[in-house]
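Undergrad: using only what follows, build the 3D model:
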Amino acid sequence: MASHTRRKLLKGTAVAAAGSVVGSGLGPGFFTAAAQTTPETLQSGGTGATPFLDGAFAPVTEELTTFDLPVVGRIPRDLDGRYLRNGPDALGVEDVRAHHWMIGDGMVHGVRLRGGRAEWYRNRWVRSSQVAAKLGETYPGRVPPDDFACNTHVIPYKGRILAMQEGGPLPYELDGELGTVRPYDFRSTLRGPLAAHTKYDQAADELHAIAYYPTWDHVRHLVIDRTGRARPATRIPVADAPMMHDFALTEKYVVIVDVPITFDGAAAEAGAIVPYVWNDRHPMRLGLLPRAGGTTRWFEIAPVYYSHTLNAYDHSDTVVLEYIGVPAPFHAAGRGRGGPSATGSPTLDRWTIDLRADRVRPTRLDDRPQEFPRINESLVSRRHRYAYTASAAEMWRAYEAVDGACPDEKLGNYLVKHDMLRNRRQFHRFPGGAAVSEPVFVPRRGARDEDDGYVLSYVNDPDRGATDLVILSAQDFDGHPLARVQLPGRVPLGFHGSWIPDKPVGITDSC
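TA: Numbers count the residues shown, from 1 in each chain. Coordinates of the predicted model:
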């Protein structure tokens, strides 16, 4: 079997170098070659010179299967399904100094809930050709182009479970026990890259994405229609091959965020791990592409790193986009500590695009450090009231300590519930060492209110040295957890996940 490693793809012609690029997590990442570093080296902590391989980020080294998990409290009986979360988990590293957090092989962690019980926990590496080779397994079938163990997101789509990546690889389909099935190309209709951050419009039954690639002079708006097939892509011309990690969707528009992080071909040919750089010459823009067809309307704005979309919606003669932003410049490649680096904390912000006045009005919604914004997913592209975010002290240490000591106010671990209508916030706080992962909202069966449901998050338990699946009541957010499902091991800080219900649930009316 041919070796589809990052090093081989980055060397040679510019096309080969560019064609190897993939993105992950909070920015771009790249595959690695076979493992050399021992598990002890990865988890030793030591000097802290590689924070993205230590502490709460340290990769786990085993795939576990555990049944009948212990529970503190009571699991709501209408939680019938799987809570899954993806993230990079390096299956060995050739050279720690040449490693980047977001090149880690994708590992999906999952808990099966049914009838008030936690039936099982599993964690499984996504079986790309590289992962199969590292594990001594045979990769079934033909290796797809830009093959990678997708490490960024995991979503449900029409009865399938898809592990997602951006900038090249196809999604990998997983089975209900997290085994890898095959790369998935939407019934042979998707040709080329998809994205890590898709948006599902429940009312239209459409899955949307913005795909980018280093050799393109454009990005592509992709729509997977209600039949599960990809429509012909819409090409939007852009300069400098920017990285577009996320985008937004309203009922009328696709909102394209053109960031000043662009592909550096010379760096790629020289073997840079992440050949994307902050480019002061590239203007920051928002583009509105009508979903009904037409040309993109652009608005130039002050530069910022656009990390993740909370949601967007149409409101009178404006388009409102709420998101997590990081101060410019943002260094996706990092500066020698094995992951991205920032000059300030990510905050919750809003852009209001005034279509009549032809301008964009920025608003700071919350200046506390936070990431991984989520809403009730049935309201994607429509106006929402509630939002949920997470703050993990160890993440801010890793991102910002390269510029000096991380301020004390950034060292808390908490989940936040935002009431956008009343501009109020509730906090669910955790102790030091309890690194908090992305919150995912799950509506209660038969719910009539937008926030009638549960918030699920993996949270490290420093006393046990393992992770709990914490289940909160969204309407009693700062109260005691409804349940803490005790997992047999750690879930490293990673990226994004989803609730995969066995039976559809959702609100029947919304505010």
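Undergrad: pretty sure residue 292 is touching residue 252, no?
TA: Yes - assessed by CB atoms under 8 Å, residue 292 is found in contact with residue 252 at 7.5 Å. Where C-beta positions appear, they are placed from N, C-alpha and C, glycine not excepted.
Undergrad: out of the two, which sits in the busier spot?
TA: Taking other CB atoms under 10 Å, residue 292 and residue 252 do not tie; residue 252 has more neighbours (14 against 7).
Undergrad: which ones are touching the closest residue to that one other than its chain neighbours?
TA: Computed as CB to CB, 6 or more residues apart in numbering, the closest residue to residue 252 that is not its neighbour in sequence is residue 314, at 5.1 Å. Applying CB atoms under 8 Å, 6 or more residues apart in numbering, one finds that residue 314 lies in contact with 250, 251, 252, 253, 320.
Undergrad: keep only those of those residues that are in strands.
TA: Taking DSSP state E, the ones among the contacts of residue 314 that sit in strands are 253, 320.
Undergrad: in ChimeraX, select just the buried ones from the contacts of residue 314.
TA: Selection of buried members from the contacts of residue 314 for ChimeraX, criterion 16 or more other CB atoms under 10 Å:
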select :250,253,320
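Undergrad: I'd like the contacts of residue 314 as JSON lines, with pLDDT appended.
TA: As requested, the contacts of residue 314 are exported to JSON lines (pLDDT from 0 to 100):
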{"residue": "250", "pLDDT": "98"}
{"residue": "251", "pLDDT": "98"}
{"residue": "252", "pLDDT": "98"}
{"residue": "253", "pLDDT": "98"}
{"residue": "320", "pLDDT": "98"}
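Undergrad: next one: the residue nearest to residue 252 from residue 204, what distance?
TA: According to CB to CB, to the nearest Å, residue 314 and residue 204 sit 14 Å apart.
Undergrad: next one: residue 397
TA: Residue 397 is 42 Å from residue 204, by CB to CB.
Undergrad: one more: residue 465?
TA: With the distance defined as CB to CB, residue 465 ends up 46 Å from residue 204.
Undergrad: and for residue 433?
TA: 44 Å.
Undergrad: residue 486 too?
TA: Noted for residue 486: a distance of 40 Å to residue 204, by CB to CB.
Undergrad: more neighbours, these two?
TA: residue 486 (18 against 15).
Undergrad: quick check: phi and psi at that one.
TA: phi -90, psi 110 (degrees, to the nearest 10).
Undergrad: excluding chain neighbours, what is closest to it?
TA: Once flanking residues are discounted, residue 486 sits nearest to residue 70: 4.6 Å by CB to CB, 6+ apart.
Undergrad: surely residue 468 is in contact with residue 457?
TA: No - checked against CB under 8 Å, the pair residue 468 and residue 457 is beyond contact range at 9.1 Å.
Undergrad: just the CA trace of the longest strand along the chain, in CSV.
TA: Determined from DSSP E, the single longest strand within the chain is strand 305-315. Extracted C-alpha coordinates of strand 305-315, given in CSV (Å, rounded to 0.1, in the frame of the first residue of the first chain):
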residue,chain,number,x,y,z
TYR,A,305,-9.6,35.3,13.4
TYR,A,306,-13.1,33.8,12.9
SER,A,307,-13.0,30.7,14.9
HIS,A,308,-16.5,29.2,15.1
THR,A,309,-20.1,30.2,14.2
LEU,A,310,-22.7,30.3,16.9
ASN,A,311,-25.6,31.1,14.5
ALA,A,312,-26.8,33.6,11.9
TYR,A,313,-30.3,34.8,10.9
ASP,A,314,-32.1,37.4,8.8
HIS,A,315,-33.7,40.3,10.7
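Undergrad: quick one: strands adjacent to that strand?
TA: Within its sheet, strand 305-315 is paired with strand 318-326 (antiparallel), according to DSSP bridges.
Undergrad: immediately after the strand it pairs with, which helix or strand?
TA: Tracing the chain past strand 318-326, the next element assigned as helix or strand by DSSP states H and E is strand 330-331.
Undergrad: quick one: distance of that next one to the chain centre.
TA: When C-alpha coordinates are averaged (CA atoms, centre = their mean, to the nearest Å), strand 330-331 and its chain have centres 17 Å apart.
Undergrad: can we start the residue count at 709 from this point?
TA: With 709 as the first residue, the last one maps to strand 1038-1039.
Undergrad: quick check: mean pLDDT of the helix or strand that that strand is followed by?
TA: Sequence-wise, the next helix or strand beyond strand 1038-1039 is strand 1049-1050, with elements assigned using DSSP H and E. For strand 1049-1050, the mean pLDDT works out to 91.
Undergrad: okay, the very next helix or strand once past strand 1049-1050 in CSV with CA atoms only?
TA: Following strand 1049-1050 in sequence order, the next helix or strand is strand 1055-1062 (DSSP H and E). The C-alpha trace of strand 1055-1062 is given here as CSV (Å, rounded to 0.1, in the frame of the first residue of the first chain):
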residue,chain,number,x,y,z
THR,A,1055,-14.7,36.1,22.9
LEU,A,1056,-18.4,35.9,21.9
ASP,A,1057,-19.1,38.6,19.3
ARG,A,1058,-21.7,39.7,16.8
TRP,A,1059,-21.7,41.3,13.3
THR,A,1060,-24.8,43.0,12.2
ILE,A,1061,-24.7,43.5,8.4
ASP,A,1062,-26.8,46.4,7.4
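Undergrad: so which bits of strand 1055-1062 are buried?
TA: Under 16+ other CB under 10 Å, the buried positions of strand 1055-1062 are 1055, 1056, 1057, 1058, 1059, 1061.
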